[in-house]
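> Would you be able to build a 3D model of this:
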Amino acid sequence: MGIFNKIKKMLKNNAVNEDEEEVKDTELTEVFDKDIGEDESDVENEEDEFDDDDDEEEDESSDDDDEEEDESDEDDDGEVDEPDEDDGEEEDESDEDDGEEEDESDEDDDEEEDESDEDDDEEEDESDEDDDGEVDESDEDEVTEEEKEDFKKSIKVYEKGLTKARHGFVSKLVNLTSKYNKITEDYFEELEEILIMADIGVNTVMDFMDRLRDRVKKEGVSDPSELKEMIVDELFIIYVDDEVLSNKINYNEDGPTVILFIGVNGVGKTTTIGKIANKLKDEGKKVLLVGADTFRAGAVNQLKEWSKKVDVGFFGKEESDPASVVYDGIEKAKEENYDVVLVDTAGRLQNKVNLMKELEKMNKVIDGLIEGGATETLLVVDATTGQNGISQAKSFKEITNITGIVLTKLDGTAKGGIVLAIKESVGIPVKYIGLGETKDDLQVFDIEKYIYGLFKDMM
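Below you'll find the model as predicted:
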C-alpha cells in the first residue's frame, strides 16, 4: 500500500475504531445471552418430560387398582374389606416406593444438574480466563485512547503548520493537473519547475522526475489526475531511500545524556532548546540547560529565561571559555542526577577553523566526563532560508559529526520541500520540526504526517 492510501486509511480507522469495538461487544453479548437462554430452555423441557412420564405411570397404576377392586366387590362382598386393606397397604407401599424413587430420581437429577452446572461454570471460568488472556494480549497491540488523541493533536499541528507550504506548493500541482488532459513532455517540464521552486533541490528533483517517467511508462498512465498518488508515493520513497530512519533521541544508559545544539546565529537554537526541554520534562526526564554560547551577547540570559519558563535546571557563565562551561555543567548534572543535558553552542560559521576547534574541545571535555561522549549533535536550520540552509548543513557536516537536524520556522515558508532536499543532500534525518511559536508546535518529525500535512488537499 502506498503512503498516499496508507495515511488516508490510518486516519479513517482512528475515527471508526471506537464504534467498531462497541458493535463487537454488543454482538458478543447477544450471542452469549442466546446460548444461556437455549441451555435453560433445554433443562426445563427435560424436567417437564420427566414429570409427564411419572404422571402417566401413576394414572395407569390407579386404573388397574380400580379394576381389581370392582372385580373383588362383585365376587364377594364380605371379602371386600381385606382386599381393600391389602390394596390400601399395597398402594401406600407403592406410593411410598414411588415417592422414594421420585425423591431418589430428583436427588440424582439435582446432583447431575449441580455437577453439570459446576462443569459449565468451570468451562465458563476457563473460557473467561482464556478470553481475558486474549483480550490482554490484543490490548497490548491495540492503540490506546491517549495515543489516538495524541495522534489527532499532532496531525492538526502538522496541518496548521504546513498551511502556507500547502497553499503555495500543492495548489500549483493541483492547477497543473487541471491544466492538462493528457500527460505530455510539457506537463513533465512544468512539474519539474514547480518542484525546484519548492526548494526540493535540483538533484532531488532530477532523480524524482526520472523515477516518475519510468513508472508512468511502465504502468501505462496517461491521465494527469492518476499521477497524484504516484507523486506523493515517490517523494516519500526518495526521503526514506530504503533506510531505517530514526527520529528518536538516543539516550545514554551509563550517565546523563548530553545533546549538543549547533547552527548559525538567528536560526532559533535557543528557542528550540527550550521547547525540547519542555517535551523531555513532560516525558518525566530531569533536564539541565547549559549556556555555552558565551560569544553572543544575551545568549546565556536568554537560555536562563527559557529554563524558568519550562521549569528545568540551568547552568551558564557569560564571558567564559565554552569548554569550561560545559565541564562545570556536566559535573553539576552528574552530582544532581540529571537525565539529560542540553548544551547551547556558538554559531560563528564565518570562521570555520575556530568553530571546529571549539567544538572539538567541547567534545573532548564531554568524552572525558561521560562514557561514550555526546549521544546527539543536532543541527538547527531555518527552513525559510531554503537552499542557504542546505549549504549550512553541508558546511557543519564537514567540521563535526551531526546525528540529526531540527528544521525551525517551517510554518513560515510557502515552499516546504527543504525537508526532502536536506535529507538527500547531507544524508542526515530530520528529528524535529518547528511548526509555530508555542511549545507544542515543535514536533518530533514524522514523514507520514509531514506528507499528509503537505499534500492533504490532493487526497
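> What segments of the stretch 201-350 of the chain are helices?
202-219, 227-240, 269-282, 299-310, 322-335 (DSSP state H, counting those that start in this stretch).
> so what does the last one touch, helix or strand wise?
On a contact count with 3 or more CB pairs under 8 Å, 6 or more residues apart in numbering; DSSP states H and E, helix 322-335 meets strand 287-291, strand 313-316, strand 340-344, helix 352-369. Using the backbone N, CA and C atoms, a C-beta is placed for each residue, glycine as well.
> Pick out the shakiest of the ones you listed, pLDDT-wise.
Ranked by mean pLDDT, the helices and strands packed on helix 322-335 bottom out at helix 352-369, with a mean of 89.
> Need the contact partners of that one.
Defining contact as CB atoms under 8 Å, 6 or more residues apart in numbering, one finds that helix 352-369 is touched by 258, 260, 262, 292, 322-323, 326-327, 330-331, 334, 343, 345-349, 373-374, 395, 398-400.
> buried ones in stretch 366-380?
By neighbour count on 16 or more other CB atoms under 10 Å, the buried set for stretch 366-380 is 366, 369, 370, 373, 374, 375, 376, 377, 378, 379, 380.
> start to end distance for that stretch?
Counting by CA to CA, to the nearest Å, you get 20 Å between the two ends of stretch 366-380.
> on that earlier part again, tell me the one among the buried residues of stretch 366-380 nearest to residue 208.
residue 379 (24.2 Å; CB to CB).
> helix/strand/coil for the closest one?
strand (DSSP: H, G, I helix; E, B strand; the rest coil).
> shouldn't it be in contact with residue 395?
No. Between residue 379 and residue 395 there is no contact under CB atoms under 8 Å: 10.0 Å.
> Where does the prediction get shaky in the chain?
1-143, 242-245, 349-350, 459 (pLDDT under 70).
> try 50 this time
Judged by pLDDT under 50, the chain has its weakly predicted residues at 17-47, 49-107, 111-116, 118-119, 121-140.
> number of nearby residues for residue 223?
11 (other CB atoms under 10 Å).
> ok, it - contacts?
Neighbours of residue 223 in contact, by CB under 8 Å, 6+ apart: 181, 182, 183.
> out of those, which are buried?
residue 183.
> Okay, strands next: where are they in the stretch 351-459 of the chain?
Assigned by DSSP state E, counting those that start in this stretch, the stretch 351-459 of the chain shows strands spanning 376-382, 404-408, 430-434, 442-444.
> With distance to residue 200 as extra columns, can I get those in CSV?
As requested, the strands of the stretch 351-459 of the chain are arranged in CSV below (distance: least, CB to CB, whole Å):
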stretch, distance to residue 200
strand 376-382, 15
strand 404-408, 14
strand 430-434, 14
strand 442-444, 21
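> how about those strands, which one is nearest residue 221?
Each of these has some distance to residue 221 by CB to CB; the shortest is strand 430-434, at 30.7 Å.
> hmm, who's touching that closest one?
161, 247-249, 268, 272, 275-276, 378, 383, 404-411, 419, 422-423, 441-445, 450.
> got the angle between that strand and strand 404-408?
20 degrees (axes from the mean of the first three to the mean of the last three CA atoms, to 10 degrees).
> List the neighbouring strands of strand 430-434 plus their orientation.
Sheet pairing of strand 430-434 (DSSP bridges) gives strand 404-408 (parallel), strand 442-444 (antiparallel).
> still on that earlier bit, point out the most buried one among the helices of the stretch 201-350 of the chain.
helix 269-282 (a mean of 22; mean count of other CB atoms under 10 Å).
> pretty sure residue 258 contacts residue 374?
Yes. Between residue 258 and residue 374 there is a contact at 4.5 Å, judged by CB under 8 Å.
> give me every residue that touches the closest residue to residue 228 other than its chain neighbours.
Nearest residue to residue 228, sequence neighbours excluded (CB to CB, 6 or more residues apart in numbering): residue 458, at 5.0 Å. By CB under 8 Å, 6+ apart, residue 458 lies in contact with 170, 173, 174, 228, 232.
> Identify the farthest-apart pair in those.
Among the contacts of residue 458, 174 and 232 lie farthest apart (CB to CB), at 12.6 Å.
> returning to that earlier point: what's the closest of the contacts of residue 458 to residue 309?
Of the contacts of residue 458, the one sitting nearest to residue 309 (CB to CB) turns out to be residue 170, at 35.2 Å.
> Can you report how many residues lie near that closest one?
If you count neighbours by other CB under 10 Å, residue 170 ends up with 21.
> State the distance from it to residue 429.
23 Å (CB to CB, to the nearest Å).
> ok, back up a step: which among the helices of the stretch 201-350 of the chain is found nearest to residue 454?
For residue 454, the closest of the helices of the stretch 201-350 of the chain is helix 227-240, at 8.8 Å, according to CB to CB.
> Can you spell out which helices and strands pack onto that closest one?
Against helix 227-240 (3+ CB pairs under 8 Å, 6+ apart) you get helix 3-75, helix 171-179, helix 202-219, helix 418-426, helix 447-455.
> What distance do you get for the closest residue in space to residue 162 that isn't next to it in sequence to residue 312?
Using CB to CB, 6+ apart and skipping residues adjacent in sequence, the residue nearest residue 162 is residue 453, 4.0 Å away. Residue 453 sits 29 Å away from residue 312, going by CB to CB.
> higher neighbour count, these two?
Neighbour count, other CB under 10 Å: between residue 453 and residue 312, residue 453 has more, with 27 against 21.
> need the contact list for that one.
Counted by CB under 8 Å, 6+ apart, residue 453 has contacts 155, 158, 159, 161, 162, 166.
> Now for residue 318: which residues touch it?
294, 300, 301.
> same thing but 7 Å
294, 300 (CB atoms under 7 Å, 6 or more residues apart in numbering).
> phi, psi of it?
The phi/psi pair for residue 318 (degrees, to the nearest 10) reads phi -80, psi 150.
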